[in-house]
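K.L.:
next one to model:
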Amino acid sequence: MVISTSEAFSRVIIDSQLKDVGWKVVDGFSVRYEHPLSDGKRADYLLCDRNGRGLAVIEAKRSSINAGDAAEQARHYAEKLDVPFIFLANGNEIKFWDWRLEAYPHEIATFFSQEDLERRFASRLMRNDPLSIPIDKRIASRDYQMECINTLCGEINQGRRKLLVEMATGTGKTRTAAAFIDRMFKANAVTRVLFLVDRIPLAIQTEDAFNEYLRDYPSYVLRNGRRFDDAKRVTITTLQSMINTYHEYSAGYFDLIVSDECHRSIYGKWKKVLLHFDGIQVGLTATPCVAEDANEDGAFVKDTLRFFEVSKPTFQYQLKQAVDEGYLAPYQIYKAKTVKTAAEGGFSVSKDEIKWDGMDDRTRIELEEAFAKQNPISVDPNALERRFTIPERNRAIVRDFKTVMDAGYWDAVTSLQRKPIPGKTIVFAVTKAHAATLAEMFDKEFAHLKPSPDVRYADYVVSGTGADDTVDGLAKIKRFKKEKFPQILVSVNMLDTGFDCPEVMNLVFARFTKSVTLYRQMRGRGTRLSQGKPLFTIFDYVGVTDFHKDDDSYATGGLVIEGQPGKPNPKPINVVTVDTDDEIDPATRAWVTYDEEGNVVFAEPAEVKSNELGLKFEEWLAEQDLTYDQDRWLHQVENQVKRNAGIWDDVTLDHLELDALAAQGGKRKGIQLFGSEGRLASLLQNLSHRVFGDSASH
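P.N.:
Residues are numbered from 1 along each chain as shown. Next up, the predicted model:
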């Protein structure tokens, strides 16, 4: 067989590429050149395992020929040698083909190492249909979670290698992913998994979850610059942490890559890291993916769909469906702005209201030039806490929050009186200084609820990636989740995404964001269910819910996260303090209710009554010591009380046999949950007295 000069040159490059991933190209055992076939032809290369058994052929072509053009020739060689894998190479590109399972070869970054090829071969021999493996319901038992896993496995069986899952924040993406990974391992469909997150704190959180869900498959967090742990089955890390390491490994090291909310990093400068490994790609996102959005804000969605080569997600489970089916908590929105925040076209600041002491020279010059042209100047409300701060504005927000928490708010527009549920609260702030200020103000405002003066009712945490970091942020977050205090945690980029604390009852937006992706992530911190949590409350002091048209019908599309949250500004800006009064503008205060079409609902008298009964019902529930099943059943009773607000004046055993309650087991179910008919009757009598008051039948 005569080899052309150009093909010989390609083979020199191919030999080098094999050496780069650890093949011993001159031992005559692992790599065999011009391997003879029974029909007198020769395979360019035969790659063998450590026992000399053939695993793959390489068909080499000169660089001017498309490597894929040699597919049929290579398949003939593979059939004759009875090997499962084919590599097609021309010195410029490498394509891989599991020719018995795939219709076409696909491009890869490197040859597989001998160890990776052996693992791929062993996996192939022992592989079962993933759909034949039972889903571990201890990990994921909800119908939609199992449907998602079955959908993914079905698509993989069809040869799909890129899959996109859209699941609303709080619906258990990590649990679903863990159960999917567990099934793929048990089916021997994969051997090593790469699980990508966008921040190391989330990697640590995922590791804790996987240690619980995937005990048979050890996992670890890969830190920046470290080498992979070959003994572990699951690597959890960020793309940034792999940037200096990934190229030391062959493309076959991972055969399943799961990307959990990695946002734009997977499409930008770190895209090459992700594409290096030849594995099934599964993306997890909470951002609704709709391709029709053509403006700049839709770039993230378009890039997501393009990367995973789909026109819509492989599987979708959206927020509205999750709330409707009782898996996520619904929410109410309380809107209020201070006079300065609500000012259209900006608010006025006079020169004598500026605190000039301690101001840096650059800021002083800018302001002096501005005031030389006009006095007062007009300031955009969006500049608050970024370029300007009004201490009285922050105090007004804190005081208003306490007022609404203590007494509720009677909305004159909708004639509704609502009272948020006291409990764990996250406040979204703009900067570290803003967070520290708010935390101290909240702490003072709720000082009467502290067991001792040294305890912090409110604390703050800042993103863990810059000079302004909270040193012990993770410890503070753990304390917030596990201990009674702090009750309020003010966050700058630390709790926006990935933070899981079902007990969060309230979210306070003191930070505005244009990103609908980030807004939905922040909103998702409250959606998880917990005992005694029928809903959560969003306090919007910056107009962010209006901006994103949060109508609870879950607007489609997605926006690019502006900048890089948590990245320190290379030129810190001195925030100018404005010494002026500010207070909540009464005209901006409102509870907002929407129908399924996203239209504002103005309450009818029956609805006012329904909400009044619901509020009293929740107050009664909060005082009860209930199991999860008892609490869930009583919420079904509450739904019927509210639905029949104009008819019922008490709740008795007979009411349990009506409407939807009968379908849920009725009186029999209630007796089962509470032990006896007498106990159930006594409970309902107490409930009726508290909810219906004097109107309750006796």
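
K.L.:
make it CA atoms for all contacts and neighbour counts henceforth
P.N.:
Noted.

K.L.:
pLDDT score for residue 471?
P.N.:
Note on residue 471: pLDDT of 57.

K.L.:
what residues sit buried inside the helix or strand where residue 320 lies?
P.N.:
Assigned by DSSP states H and E, residue 320 falls within helix 319-324. Buried residues in helix 319-324, counted by 16 or more other Cα atoms under 10 Å: 319-320, 322-323.

K.L.:
do stretch 10-21 as well
P.N.:
For stretch 10-21, burial by neighbour count (16+ other Cα under 10 Å) applies to 10-11, 13-15, 17-18, 20-21.

K.L.:
for stretch 28-38, same thing?
P.N.:
29-33, 36.

K.L.:
next one: stretch 640-658
P.N.:
The neighbour-count check on stretch 640-658 (16+ other Cα under 10 Å) flags 640-643, 645, 648-653, 655-657 as buried.

K.L.:
which ones among these are found in helices?
P.N.:
Taking DSSP state H, the ones among these that sit in helices are 640-643.

K.L.:
closest one to residue 692 out of those, please.
P.N.:
The nearest member of those to residue 692, counting by Cα to Cα, is residue 641 at 10.0 Å.

K.L.:
tell me which residues form a beta bridge with residue 219?
P.N.:
Beta bridges link residue 219 to residue 234, judged by DSSP bridges.

K.L.:
count the residues that sit near it.
P.N.:
The number of residues packed near residue 219 is 23, by other Cα atoms under 10 Å.

K.L.:
quick one: contacts for it?
P.N.:
By Cα atoms under 8 Å, 6 or more residues apart in numbering, the residues touching residue 219 are 207, 210-211, 232-236.

K.L.:
now list the buried members of those.
P.N.:
Among these, those buried by neighbour count (16+ other Cα under 10 Å) are 207, 210, 233-236.

K.L.:
farthest pair within the residues you listed?
P.N.:
Greatest spatial distance among the buried ones among the contacts of residue 219 (Cα to Cα): 207 and 233, at 12.1 Å.

K.L.:
give me the three-state assignment for the spatially closest residue to residue 44 that is not a sequence neighbour.
P.N.:
In space, residue 44 comes closest to residue 34 once its chain neighbours are excluded; the distance is 4.7 Å by Cα to Cα, 6 or more residues apart in numbering. Of the three states, residue 34 takes strand under DSSP: H, G, I helix; E, B strand; the rest coil.

K.L.:
what pLDDT does residue 34 get?
P.N.:
As predicted, residue 34 sits at a pLDDT of 93.

K.L.:
how close does it get to residue 77?
P.N.:
Look at residue 34 and residue 77: by Cα to Cα, to the nearest Å, they are 11 Å apart.

K.L.:
now list whatever residues contact both of those two.
P.N.:
Contact criterion Cα under 8 Å, 6+ apart; residues bridging residue 34 and residue 77 by contacting each: 42-43.

K.L.:
need the buried residues of helix 319-324 in JSON lines (columns: pLDDT and distance to residue 371).
P.N.:
Formatted as JSON lines, these follow (pLDDT from 0 to 100; distance: Cα to Cα, whole Å):
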{"residue": "319", "pLDDT": "84", "distance to residue 371": "49"}
{"residue": "320", "pLDDT": "83", "distance to residue 371": "50"}
{"residue": "322", "pLDDT": "89", "distance to residue 371": "53"}
{"residue": "323", "pLDDT": "86", "distance to residue 371": "52"}
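
K.L.:
now tabulate those residues in JSON lines and tack on distance to residue 218.
P.N.:
JSON lines is the format used below for these (distance: Cα to Cα, whole Å):
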{"residue": "319", "distance to residue 218": "32"}
{"residue": "320", "distance to residue 218": "35"}
{"residue": "322", "distance to residue 218": "31"}
{"residue": "323", "distance to residue 218": "34"}
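
K.L.:
which one of those is nearest residue 332?
P.N.:
Lowest distance from residue 332 to the buried residues of helix 319-324 (Cα to Cα) belongs to residue 323, with 12.7 Å.

K.L.:
now do stretch 236-255: distance to the chain's middle.
P.N.:
22 Å (Cα atoms, centre = their mean, to the nearest Å).

K.L.:
list the buried residues for stretch 678-696?
P.N.:
Applying a neighbour-count criterion of 16+ other Cα under 10 Å, one finds 680-681, 684-685, 687-692, 696 buried in stretch 678-696.

K.L.:
report the backbone C-alpha coordinates of that stretch in PDB.
P.N.:
Output of stretch 678-696 as PDB, limited to C-alpha atoms (Å, rounded to 0.1, in the frame of the first residue of the first chain):
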ATOM      1  CA  GLY A 678     -64.600  13.200  67.700                       C
ATOM      2  CA  ARG A 679     -61.200  14.800  67.300                       C
ATOM      3  CA  LEU A 680     -62.000  15.900  63.800                       C
ATOM      4  CA  ALA A 681     -65.300  17.400  64.800                       C
ATOM      5  CA  SER A 682     -63.600  19.300  67.600                       C
ATOM      6  CA  LEU A 683     -61.000  20.600  65.200                       C
ATOM      7  CA  LEU A 684     -63.600  21.800  62.700                       C
ATOM      8  CA  GLN A 685     -65.600  23.500  65.500                       C
ATOM      9  CA  ASN A 686     -62.500  25.400  66.600                       C
ATOM     10  CA  LEU A 687     -61.700  26.200  63.000                       C
ATOM     11  CA  SER A 688     -65.200  27.500  62.400                       C
ATOM     12  CA  HIS A 689     -65.200  29.700  65.500                       C
ATOM     13  CA  ARG A 690     -61.900  31.300  64.400                       C
ATOM     14  CA  VAL A 691     -62.600  31.700  60.700                       C
ATOM     15  CA  PHE A 692     -66.400  32.600  60.700                       C
ATOM     16  CA  GLY A 693     -66.600  34.100  64.200                       C
ATOM     17  CA  ASP A 694     -70.100  34.900  65.500                       C
ATOM     18  CA  SER A 695     -71.600  33.700  62.200                       C
ATOM     19  CA  ALA A 696     -70.500  30.100  62.800                       C
END
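
K.L.:
wait, residue 503 sits on residue 426?
P.N.:
No: counting by Cα atoms under 8 Å, residue 503 stays clear of residue 426, with 10.7 Å between them.

K.L.:
pick out whichever of those two has more residues nearby.
P.N.:
residue 426 (26 against 20).

K.L.:
what helix or strand is residue 236 on?
P.N.:
strand 234-237.

K.L.:
for that strand, what is the average pLDDT?
P.N.:
Mean predicted lDDT for strand 234-237 stands at 95.

K.L.:
and the following helix or strand past that strand, what does it pack against?
P.N.:
Sequence-wise, the next helix or strand downstream of strand 234-237 (DSSP H and E) is helix 239-242. Packing contacts for helix 239-242, counted by 3 or more Cα pairs under 8 Å, 6 or more residues apart in numbering; DSSP states H and E, involve helix 271-275.

K.L.:
what's the mean pLDDT across the helix it packs on?
P.N.:
80.

K.L.:
closest one of the buried residues of stretch 640-658 to residue 55?
P.N.:
Among these, residue 640 lies closest to residue 55 (Cα to Cα), at 65.5 Å.

K.L.:
just to check, residue 282 is in contact with residue 162?
P.N.:
Yes: counting by Cα under 8 Å, residue 282 touches residue 162, with 6.0 Å between them.

K.L.:
so what's the gap between the strand holding residue 236 and the chain middle?
P.N.:
17 Å.
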